[in-house]
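> Need a 3D model of the following:
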Amino acid sequence: MNEEIDRLRREIDHINIGILDLVNKRMDIVKKIAKIKNENNTEHFDEERENQMMEAVLKNNHGPLPHSLVKDIFSTILAVSLKFMGISHERRLLVSSGSAEAFPSIPEMFSLEGSRPVVIAGPCVIENPNIWKGLPGI
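Here you go, the predicted structure:
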């Protein structure tokens, strides 16, 4: 294989370890925040704070990654932070026929592992008003 490719791959490997170190440092801080929030009986998920962080990250993105990919990366980091704090289902599962976005499976969304039976129940919402047409009484 080309020596230049090998050199660049070693550089990427080094950067990957640096990213891992920074993510672990971030999680250490997340753990401290979770402890303080537990002691003060405060909600762990703060949508306003999450939006502020995302806005600041995107404001400081000068490429080459487009905002959409940076948002994907940081949305994952924020979701992992919640999961690390023990909040694995804080976000609502949104299923929309008009959405092109994929959503995690129910077992993944709620961290259901193993083969023990689980019952998931809740309200059902029809988001598309066209689906209501033709139903009795509608």
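
> Just the mean pLDDT for stretch 50-66, thanks.
Per-residue pLDDT over stretch 50-66 has a mean of 94.

> what helix or strand does residue 6 sit in?
helix 3-39 (DSSP states H and E).

> could you say what helices and strands that helix packs with?
helix 67-84 (3 or more CB pairs under 8 Å, 6 or more residues apart in numbering; DSSP states H and E). All C-beta spots, glycine's among them, are computed from the backbone N, C-alpha and C.

> Kindly export the helix it packs on (C-alpha atoms) in CSV.
Output in CSV follows, covering the C-alpha atoms of helix 67-84 (Å, rounded to 0.1, in the frame of the first residue of the first chain):
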residue,chain,number,x,y,z
HIS,A,67,-23.5,22.1,9.7
SER,A,68,-25.8,19.1,9.1
LEU,A,69,-23.0,16.6,9.7
VAL,A,70,-21.6,18.6,12.7
LYS,A,71,-25.2,18.5,14.1
ASP,A,72,-25.3,14.7,13.6
ILE,A,73,-22.0,14.3,15.5
PHE,A,74,-23.0,16.5,18.4
SER,A,75,-26.6,15.1,18.6
THR,A,76,-25.0,11.7,19.1
ILE,A,77,-22.6,13.1,21.8
LEU,A,78,-25.5,14.7,23.6
ALA,A,79,-27.6,11.6,23.4
VAL,A,80,-24.7,9.5,24.7
SER,A,81,-24.3,12.0,27.5
LEU,A,82,-27.9,11.5,28.6
LYS,A,83,-27.6,7.7,28.3
PHE,A,84,-24.4,7.9,30.4
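
> helices or strands next to it in the packing?
helix 3-39, helix 47-59.

> Would you reformat those helices as JSON lines and include distance to residue 76 and mean neighbour count?
Putting the helices and strands packed on helix 67-84 into JSON lines (distance: least, CB to CB, whole Å; neighbours: other CB atoms under 10 Å) gives the following:
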{"stretch": "helix 3-39", "distance to residue 76": "10", "mean neighbour count": "11"}
{"stretch": "helix 47-59", "distance to residue 76": "12", "mean neighbour count": "12"}
